[in-house]
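K.L.:
All I have is the shape, not the residue letters:
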């Protein structure tokens with residue numbers, strides 16, 4: 001079952017980071033400048049996958065990741081302010097995919113691109129990412 005999530009994330013737009021309000025629900029990610037404002041863009045999450053980024057690649061933003069969304073022809077670079085938000089957003093993005101046959105999806109036979117081979121599931125991926133960020 002897909003879960004909804006709303007709140008602020010940092011979005012890399014060109015070379016600058018912008019504080020944007022995001023909503024993830026029913027297989028879509030919506031972005032706006034603030035809550036209750038018109039939508040700047042929307043991203044279809046079907047067949048999407050996420051990838052965490054090392055701190056050296058993202059201008060000092062510790063909890064950052066890319067969202068690859070081929071159906072929307074977008075690759076977004078997003079960042080959270082803390083570990084709890086990072087984990088919550090990743091989980092919401094993963095569970096809001098519409099297709100069962102996607103990267104990082106529960107029940108997929110294919111290995112996740114960000115999960116070490118032979119280790120399955122979001123929990124293990126999160127354990128690896130958390131360990132990496134604590135270094």
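P.N.:
Received the coordinates, thanks. All values derive from a computational prediction rather than experimental measurement.
K.L.:
Helix or strand: which one has residue 29?
P.N.:
Residue 29 is located in strand 28-32, with elements delineated by DSSP states H and E.
K.L.:
Go ahead and name everything in contact with that strand.
P.N.:
Residues outside strand 28-32 that contact it (C-beta atoms under 8 Å, 6 or more residues apart in numbering): 11, 20-24, 38-45, 67, 69, 93, 96. C-beta coordinates here come from the backbone N, C-alpha and C atoms, glycine included.
K.L.:
Go through these and flag which are in helices.
P.N.:
Members of the contacts of strand 28-32 lying in helices (criterion: DSSP state H): residue 93.
K.L.:
What about the contacts of strand 28-32, which are in strands?
P.N.:
Counting by DSSP state E, the contacts of strand 28-32 place 11, 20-24, 39-44, 67, 69 in strands.
K.L.:
Restricted to buried residues, select those in ChimeraX.
P.N.:
Those of the ones in strands among the contacts of strand 28-32 that count as buried under 16 or more other C-beta atoms under 10 Å are selected in ChimeraX with:
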select :11,20,21,22,23,24,43,44,67,69
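K.L.:
I am finished for the moment; much appreciated.
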